[in-house]
Every structure is written in structure tokens, then in C-alpha cells.
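Trainee: Mind folding the following:
(3 chains)
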Amino acid sequence: MEFTEDKPNHIPDALSPDALLLNLDGYEGPIDLLLTLARDQKVDLAKISILALTEQYLDFIDHAQNLRLEVAADYLVMAAWLAYLKSKLLLPQSADDEAEEELSGEALAEALAFQLKRLEGMQKIAAKLFDLPQLGRDVFARGDHEREADIKVKPIWQADLYDILSAYGSIARRQEYKEYKPQTWPLMSTDEAYERLSRMLGKLPRKGRESVWAMLDSFTPEDLTDALTKRSGAASLFTASLEMAKQGHLEIKQDGIFSPIYVRQKDRDDE
Amino acid sequence: MNNETQADDLRILEALIFASDKPLSLSDIMKWFSRVDEKYVAGLLASLRQDYDGRGIELCDHGGEWSFRTNADVAAELDMEVEVERKLSRAAQETLAIIAYHQPLTRAEIENIRGVATGKGTLDLLMEANWVKPGRRRETPGRPLTWVTTTGFLSHFGLESVTDLPGLDDLKSAGLLDRRPAVQTVPMSGELFDESGEDAHDE
Amino acid sequence: MNNETQADDLRILEALIFASDKPLSLSDIMKWFSRVDEKYVAGLLASLRQDYDGRGIELCDHGGEWSFRTNADVAAELDMEVEVERKLSRAAQETLAIIAYHQPLTRAEIENIRGVATGKGTLDLLMEANWVKPGRRRETPGRPLTWVTTTGFLSHFGLESVTDLPGLDDLKSAGLLDRRPAVQTVPMSGELFDESGEDAHDE
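Mentor: Numbering: from 1, shown residues only, chains lettered A, B, ... in the order given. This next block holds a predicted model:
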């Protein structure tokens, strides 16, 4: 019976070179890999042996010779850095180092440890953050909206004087294009005068077949003030009186030239 | 069923109805309360409705479907007015101009001058803008209402008085009476309007 | 302000937040309460929150924006049918966490912490989810843009403010909320690097 050892589940498939390529979205870079390796040591990152970690990482790179070049390059930079770190840690610190003001191996190791610890901290907190109750998954907003608070729009009407004047101008302009209508004058027609004369004569006191004499001028409407309409009224009344006399409804007398003209109604003989 | 369980059930029911995107019937709700009977859930609904009684939100039962709704008596308070600037329409500009130049005049007279009927809305709008107001009734048959401009009109348009409005000659010299091809309906003549019947809808 | 008016105001406030389709800020709410001051409305909000304390629905404040939400503790029972959102990639989750806990910080600083270059798509994705937004530019050479979280982020994760982020104090006391490149965090390395322009320790 074949027996396969369980892979430690916290060391992902990334440790096989092929899987590393496939898992790029999960394991994005050398730091991530280092962190995975560091976790594998199952110790507090503060107490981690940077030397041991570095050796493991370099072993991994040795092992992963078939990595795609551009991916490998990323890993090799870290590998080179770690190799440098390893040499610093292994070699006894020389007095020259201080003079060159280079970071000691310990300082570099400390920096790396911090970097790993901070990254781990962020990965853990990201998981914690997404464990919070989330809107739309654990917590819900109101599902149905039957009405919103109604915001009515109150118009503030805008117009300036120019608008009003140009509007009035356009009305005035429009008036000029009105349909042509012959001008009419407020003058009394002969027909109107005839009607007026016969109506008013009918109301005069009568003596036998005739009414009393009345001055033709007195039949002119009193409200005619304008000289032209007054004259036209008088002319129409005179024409109408001649017409009525001709029909035998009326008698006319005048004492002399330019004297007042008198009229009186007269029933026709045949009536 | 102890009290604590019932309190929890109430909370679940409350959250459920709130989060649902549509009103829930009792049988909908029962999917969440399969371990109890309908009578119990109906009791929960009644109790929840009681909790919200008189609040700004109410638990409503419309035809056996339950939902939270804003209380009708505060709904009116939620409505708000926002002021937005709007350009006065041409019809309203003309109507306002005519009232300004010819006041006081009746609506029929405005229509005679404009040559088109004036919608009631136009005068309402000008009144709302506080530019015109009803004046005295004309003592002619039908006693039509006349329209005049307000002091709000004068202050908005920066006029001391309506007599400051430029005359037709001024307008002509300012180029406001320039002839342009006028494509408009032939205005109706004034006599077609029956003065007595108009403005029957005057308020 | 008598008690009856206050009760009415509470009802209006309740209905208003309930009816709104998005969280309302105090200044949004003030449009409805123009006759009183902000302090009074803040008092109403506190009182309303009290009313809902422990119910199935809660009045929540996320970054100063108020809304009703179902109580997180009924989530398990509610078990609503939810469209499964595309799960955020680990890289995006990490980036969001780094921004949330270190904000404001530049993209270079995010990359320092993560140890890898951040794909352009990651920040776009977080912006599209309305969880992060560009903040002010850092006044250092190149004036790099900083990134900060939004009220949408607070609302999504049910946080009142970024100071309520879980584990914030622990991370801070462990010294892990440091935006500088790791080598600069080593005490004796300080003098080797020019820190004059650095404002990394401002929280």
C-alpha cells in the first residue's frame, strides 16, 4: 500500500515550482514566499532565524530552476539580497563595516523580520476585516422603497427687463402683420338716419294726421362732438328726410335760405 | 416557547420584513419559521405591529402581505421644496409685458393683444412669481377681473414705476421692433370675443 | 421645544431615514429641520438610535451618514438569498486592509508593505466598489497621490469610523502601522536615510 505524507496545509503548493507559477495571484512575490517559509518555522516572527529562513529560500530558488524567467527574476533579486544578508550574518563583523556605514547583518535581518511581521499582520487583519458583518451579506439595508421623501422643485422664474421689452416688441411687430381690414368711420349712414328719424318722429305729439313741427337739427345725436361726424350726421338726416318726404311720410318747411329746416310727420293719405 | 426565543424571533421577523424587497405574505414568512406554526407567527406580526404603533414607520398589512411603510401622517412632512431657477416662457413674457404696458386689463383684453388665447397657467405662474395680481373687477357685464403688476414686478425689473417702461418709439429705436419674417397665426379680431362670457373661471 | 414637538420630530426623522434610498448625513437631514439647530437633531439621532438598540433593525452611523440596517446578530438566522458577489482577490483584500489601517498612504508605500508591485487593476477595483478614493497629494517630491477609505467602506463593513477598525490598537502597539520601507524601521539605520520629508508617523 502506498503511503503519501500529507502536505502541511499551511505550506501551499507554491513550494512546488510549477504550482508557484500557477499560484501567482495568491503568492505574488518573494516576500510572500518568505512569509510562508517563516510561518513554516512555526515560531514567532520576532524570534525567527533569519539565517535558516534565508537558507530555505535559497534552496527553493536552487530547486526551482525551471521557473519562468520573468517570475524567477523577481525571486532572484530577493535571493541575491538574502545571500548578501546570509554572508553578513555568517561573517564576523569587521571594524570596517562600521566605518563604511553599512547596515550590519543584524540590522538587515531585523528589517527583514519587520517586513515579514508587518506583512503577516496585514494579511491577518485583512482576513479579520472581511470577517466583519458585511452589507448585503450579513447586514441588509431596506429592501423595498415604496416612496422616497418627495423633493418638490419650486421654480424661481427668471426674466429680465430685456425679455419683457422684446416680448412686447414682438407683439407690436405681430400687430403690423394683421389681416387687412378696410377702415371704417363712426359716421351715421343714411339708413341709420332714416331709422332714427322715423323712430323719433313717431314719439312727437300729434295733432290730427300730423305731428308738431320739429327742427331737423334736433334729431342729430347729442353725443357727436367731432365736427366731421356732426356734419355727416346732419347730412344723413337731411337726405333721409328728403327720402321720407318723397315717400309721403314727412313734410318739410324752411322760411328762408340758411334758416332752420322744420319737419313734421304726416300720415299718408292711403293709410 | 420561552420569552427569550420569542424576542429573538421578533428580531428576525423585523429584520426579514425590513430587508425584503417586496411585501411578504404569511406563507413567505413561514419559510423562515418552519419550526413553529402559523398561529405563532401571526402572533409575532401582531406584536411587531404593536411595537411600531404611532412611530414614524409602521408595519402594514395590505391584503395579507406585510411590509414596513412610512407612517402616512408624517409623509407630508417629508416632502420638501427645492428652489430651482427657470427661464420664463415666451408666452409668459408676453403676457407680463402686456399687463405691464396696458394695466389694468382683463384676460380677454390680453388675449386680444397677444392674438392668441392665454392659458390660465400663465397668469397663475406670473402670480406665483409675484409679478402680477388681480386688480379690481371691470364694471361691465360679467364683471371681469382685471390684472395689474405688483411692486414685486417693479423691484425685480428695477423700475421706479410702470410709466418708466419705454414707449413703442423707444423700442423701435432700440431695434426691438425689427421686422423679421413673422410666421404666426393670423390674430383673431377682438369682436369675436364675447366679453360677458369670458373670465367665467375667475377666482 | 416641548415634548410633543420633539416626539413629532423623532417620527419625521425616523420616516426620513427609513424612506431614503441612501444613508443621510446630518447636513442632508438639516434640510428637513431648518428651524432647529444641528445639536438638537444630533440629539434626536442619538435618541432614535437608543430606541432601536437591540432590535432586529438598527439605526447606524457610518462615517456620519445615517441609515437603518438589519442587526448583524440576526444575519445567521436571516440567511437571505444573496447573489454571491465575486470574491475579492487576496491581493485586493490585503491592499484594502493596508489602506484602511495606514491611510493616507501612497501607492509606493502600499508596495513597500506588500513587498510586490500593486497591479493597476487592484486600486481600480477597490475604487469601483466605492471603498477607497484618492486623498490629498503628499507634499513630498513628486507630490504622490495618497489613498484613503470612503464612507462606503465604513458602511459596507458596519464601522462608525476608521478608529473602530478591528485590532487597530494591537497593530499600533506592535509597531506594525509603519508606512516606511522596512530597512528604515531599524533603529540604528535612521541616520543613513534622509527622513526629512517623511511624515510616516503622524497617527
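Trainee: tell me the SS of the closest residue to residue A:245 other than its chain neighbours?
Mentor: Nearest-residue entry for residue A:245: residue A:252, 5.4 Å, with adjacent residues in sequence omitted and distances by C-beta to C-beta, 6 or more residues apart in numbering or on different chains. (Each C-beta comes from the backbone N, C-alpha and C, glycine too.) What DSSP: H, G, I helix; E, B strand; the rest coil gives for residue A:252 is strand.
Trainee: Who does residue A:252 form a beta bridge with?
Mentor: When bridges are called by DSSP bridges, residue A:252 pairs up with residue A:263.
Trainee: Tell me the spacing between it and residue A:244.
Mentor: To residue A:244, residue A:252 is 9 Å away according to C-beta to C-beta, to the nearest Å.
Trainee: go on, residue A:229?
Mentor: 22 Å.
Trainee: show me what contacts residue A:260?
Mentor: A:215, A:216, A:217, A:254 (C-beta atoms under 8 Å, 6 or more residues apart in numbering or on different chains).
Trainee: The closest residue to chain C within chain A: which element?
Mentor: Minimum separation of chain A from chain C (C-beta to the nearest C-beta) falls at residue A:31, amounting to 2.8 Å. Counting by DSSP states H and E, the element that carries residue A:31 is helix A:30-40.
Trainee: buried set for that helix?
Mentor: Of all the residues in helix A:30-40, those buried under the rule 16 or more other C-beta atoms under 10 Å in any protein chain shown are A:30, A:31, A:32, A:33, A:34, A:35, A:37, A:38, A:39.
Trainee: Now do the same for stretch A:197-217: mean pLDDT, whole number.
Mentor: Averaged over stretch A:197-217, pLDDT sits at 84.
Trainee: try stretch A:127-134
Mentor: Across stretch A:127-134, pLDDT averages out at 88.
Trainee: Please apply the same query to stretch B:124-141.
Mentor: 88.
Trainee: ok, that stretch near chain A or not?
Mentor: Yes. For stretch B:124-141 and chain A, the contact criterion (C-beta under 8 Å from any C-beta of the partner chain) is met by B:125, B:128, B:129, B:131.
Trainee: Apart from its chain neighbours, what residue comes closest to the third one?
Mentor: Which is residue B:129. Leaving aside its sequence neighbours, residue B:129 sits nearest to residue A:157 (C-beta to C-beta, 6+ apart; 4.3 Å).
Trainee: Does at least one residue of stretch B:37-55 sit close to chain C?
Mentor: Yes. Using C-beta under 8 Å from any C-beta, stretch B:37-55 reaches chain C at B:54, B:55.
Trainee: Quick check: buried residues in that stretch?
Mentor: B:41, B:43, B:44, B:45, B:48, B:52, B:55.
Trainee: cool, and stretch B:62-71?
Mentor: So, applying 16+ other C-beta under 10 Å, buried residues of stretch B:62-71: B:66, B:67, B:68, B:69, B:70, B:71.
Trainee: Tell me where the longest helix sits in the chain.
Mentor: Going with chain A. Across chain A, the longest stretch assigned as helix under DSSP state H is helix A:105-131.
Trainee: My question was about chain B, not that one.
Mentor: helix B:3-19.
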